[in-house]
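Trainee: attaching a predicted model along with its sequence, questions to come.
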Amino acid sequence: MNLAKTKYLKCAILIISICILLGAISACLPFSISLPDMLDEDAIDDAAMTITPNEIDGLGEFEDGYCYVYTNKDLVEKYRAGDADTPFDVSTQKVTKTSNNRGEKANPYVISSVTDWETFVKLCGTDLKKSTGKYFVLANDLDFYGITFRPVGKFGGTFYGMGHKLLNIDCSNWQYWNGSNYVTIGTSGQTNSGFGVFCSTTNATITDLINEDYNYSGVPQTSTNGVGSAAYGPHIGGFVGISIGNNTFLNCHTSGVVTTTYYTTSVQEGGIVGAHKAIDTNKTIYVYRCTSNFSTFASAGASSGLMIGGILGQSWSATTILDCASEVYGSNSGSGGYQYIGAIFGWSETTVEKFWFENLVGKVDVDSTVLTTSTGALAGIRGTTNLKFANLYGEGYLGTSAKISLLALVHFETQPTTGFSNINVVKSSKNYASLLPNRSDTLGKITGEPTEYSTSNEMLGNARTFFSASPYSRIWDAS
């Protein structure tokens with residue numbers, strides 16, 4: 001299955017391929033970026049990487065002196081601001097296992113085979129204490145073609161993908177490890193109705209990981225949320241089903257298909273994360289330099305709904321999405337209900353105290369029989385008290401034979417009056433009516449006319465010019 005078929009997606013992926021780590025391990029991308037001088041050569045030299053099994057936990061460990069690379073959130077803000085002392089957003093970590101406990105940053109658990117993945121799943125189970133504060137590193141690509149895949153139940157640690165791929169995950173029989181057996185999600189002790197590589201994450205960090213050509217189906221309809229009302233589950237994400245607390249996703253990329261049928265409950269789907277639900281509303285989901293090529297096929301009943309986003313499906317709490325790109329395609333149907341479908345973000349169920357969306361490019365084109373006016377090409381938002389939306393580029397269409405244009409790049413149920421800059425949208429041709437005909441501009445006549453482009457390529461050309469003049473000039477290094 002090859003989902004990256006369009007020229008638009010190629011451009012979109014280039015936006016996010018800025019990461020020096022992926023350039024260093026160029027086998028992960030169809031182009032190369034030179035290795036920064038500041039990085040230890042051993043950090044990306046597979047020949048220098050020796051992994052030995054740990055007799056106690058069964059996972060691998062690096063030898064003393066080896067260095068691995070990871071995208072470092074502590075560097076992101078300075079790097080994005082063009083700080084002269086922060087030329088990169090990645091760091092290296094030297095392994096010193098003889099002086100560090102197992103699972104610490106300098107002595108991480110190492111996963112290098114599908115067998116190791118199974119061990120990792122069992123180690124974590126649904127007990128957050130097993131992973132909280134622990135570090136895990138993926139040292140090889142893992143191909144699950146023809147192999148039963150099982151997700152991590154609950155995860156509260158740090159997972160460094162080192163630019164490696166999880167390939168061909170085909171999951172239709174969702175089970176988690178309950179400590180002694182694999183049990184279908186939706187039964188007693190289940191994992192908050194999350195479905196993905198990680199069912200749920202709590203205060204976790206996941207970086208530099210690729211989930212390529214996944215196929216998710218068969219999500220049990222008996223699941224309940226487990227966090228809040230049962231009406232808002234289940235949650236399905238390319239990487240994570242449900243994010244709880246503070247969670248960070250850096251330089252993560254997905255391509256895949258989600259097929260679901262729901263008649264009595266709502267569903268949240270996201271190319272990176274299905275839903276973010278913080279018990280404490282001050283907790284934030286932070287997504288940086290992630291991409292998704294996401295296909296969704298879903299059916300909603302009269303009283304249910306779909307919240308679908310190329311990066312994040314739904315959020316109940318503070319949300320930051322920076323330097324990301326996504327495409328959403330598919331076919332959604334239903335006898336009623338509601339649908340919120342955005343190239344980046346689906347819908348915020350409540351008024352969220354903070355949204356920061358910056359440097360985003362997205363396209364959504366979904367056959368849909370249920371059109372909801374509270375949706376936008378990039379996002380739909382109920383309300384916010386702290387808003388920053390800058391440098392947004394989007395194109396959106398919903399509908400079946402008669403497509404409806406999402407001229408509103410971001411729809412707000414409660415319209416704010418400030419917090420916007422450089423909003424760009426692909427204007428529909430005259431053959432497409434607007435889902436919001438009373439809105440002639442992107443944000444509902446708040447900030448004046450946005451920049452409108454006749455085609456995606458024209459819009460992306462402008463985005464290329466903008467980004468190349470910004471501190472993120474490496475975004476466009478590959479051409």
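Mentor: In hand now; what should we look at?

Trainee: next secondary structure element downstream of the top strand by length along the chain?
Mentor: In the chain, with assignment by DSSP state E, the single longest strand is strand 318-334. Reading on from strand 318-334 to the C-terminus, the next helix or strand found by DSSP states H and E is strand 338-342.

Trainee: show residues contacting that following strand.
Mentor: Here strand 338-342 makes contact (CB atoms under 8 Å, 6 or more residues apart in numbering) with 296, 300, 305-310, 314, 328, 332, 346-347, 362, 364, 366, 368, 370-372, 374-380, 396, 398. Heads up, the C-betas are built off the backbone N, CA and C, glycines and all.

Trainee: just the buried ones from those, in PyMOL syntax?
Mentor: Here is the PyMOL command that selects only those of the contacts of strand 338-342 that count as buried (16 or more other CB atoms under 10 Å):
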select buried, resi 296+300+305+306+307+308+309+310+314+328+332+346+347+362+364+366+368+370+372+374+375+376+377+378+379+380+396+398
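
Trainee: wait, residue 385 sits on residue 351?
Mentor: Yes. Residue 385 is within contact range of residue 351, at 7.0 Å (criterion: CB atoms under 8 Å).

Trainee: between these two, which one's more packed in?
Mentor: residue 351 (13 against 10; other CB atoms under 10 Å).

Trainee: that one contacts residue 412, correct?
Mentor: No. The criterion here is CB under 8 Å, and residue 351 misses it with residue 412 at 10.5 Å.

Trainee: I'd assumed residue 115 was in a helix, is it?
Mentor: Yes. Per DSSP: H, G, I helix; E, B strand; the rest coil, residue 115 lies within a helix segment.

Trainee: so how far is residue 58 from it?
Mentor: Distance of residue 115 to residue 58, given as CB to CB, to the nearest Å: 9 Å.

Trainee: ok, then the element right after the least confident helix or strand in the chain by mean pLDDT?
Mentor: Among the helical and strand segments of the chain, the one scoring lowest on mean pLDDT, DSSP states H and E is helix 20-24, with a mean of 30. Reading on from helix 20-24 to the C-terminus, the next helix or strand found by DSSP H and E is strand 51-53.

Trainee: name the helices or strands packed onto the very next helix or strand once past that following strand?
Mentor: As assigned by DSSP H and E, the chain's next helix or strand after strand 51-53 is strand 60-62. If you count contacts as 3 or more CB pairs under 8 Å, 6 or more residues apart in numbering; DSSP states H and E, strand 60-62 packs onto strand 51-53, strand 109-111.

Trainee: which residues touch strand 60-62?
Mentor: 49-54, 68, 95, 97, 102, 107-112, 116, 137, 139.

Trainee: one more time with 7 Å, if that's ok
Mentor: Contacts to strand 60-62, defined as CB atoms under 7 Å, 6 or more residues apart in numbering, come from residues 49, 51, 52, 53, 54, 95, 97, 107, 110, 112, 116, 139.

Trainee: about what we covered before: looking at the helices and strands packed on strand 60-62, which one has the lowest mean pLDDT?
Mentor: Ranked by mean pLDDT, those end with strand 51-53 at the bottom, a mean of 92.

Trainee: each with direction, which strands does that one pair with?
Mentor: Paired strands of strand 51-53, with direction, are strand 60-62 (antiparallel) (DSSP bridges).

Trainee: what about the spatially closest residue to residue 234 that is not a sequence neighbour, how many residues nearby?
Mentor: Spatial nearest neighbour of residue 234, chain neighbours left out: residue 193 (3.9 Å); criterion: CB to CB, 6 or more residues apart in numbering. A count of nearby residues for residue 193, using other CB under 10 Å, gives 30.

Trainee: ok, now residue 317?
Mentor: 23.

Trainee: do the same with residue 356
Mentor: The number of residues near residue 356, taken as other CB under 10 Å, comes to 18.

Trainee: which residues are in contact with it?
Mentor: Residue 356 neighbours (CB under 7 Å, 6+ apart): 320, 388.

Trainee: got the angle between the host helix or strand of it and strand 338-342?
Mentor: Using DSSP H and E, the element containing residue 356 is strand 355-368. Strand 355-368 and strand 338-342 are oriented at 120 degrees to each other (axes from the mean of the first three to the mean of the last three CA atoms, to 10 degrees).
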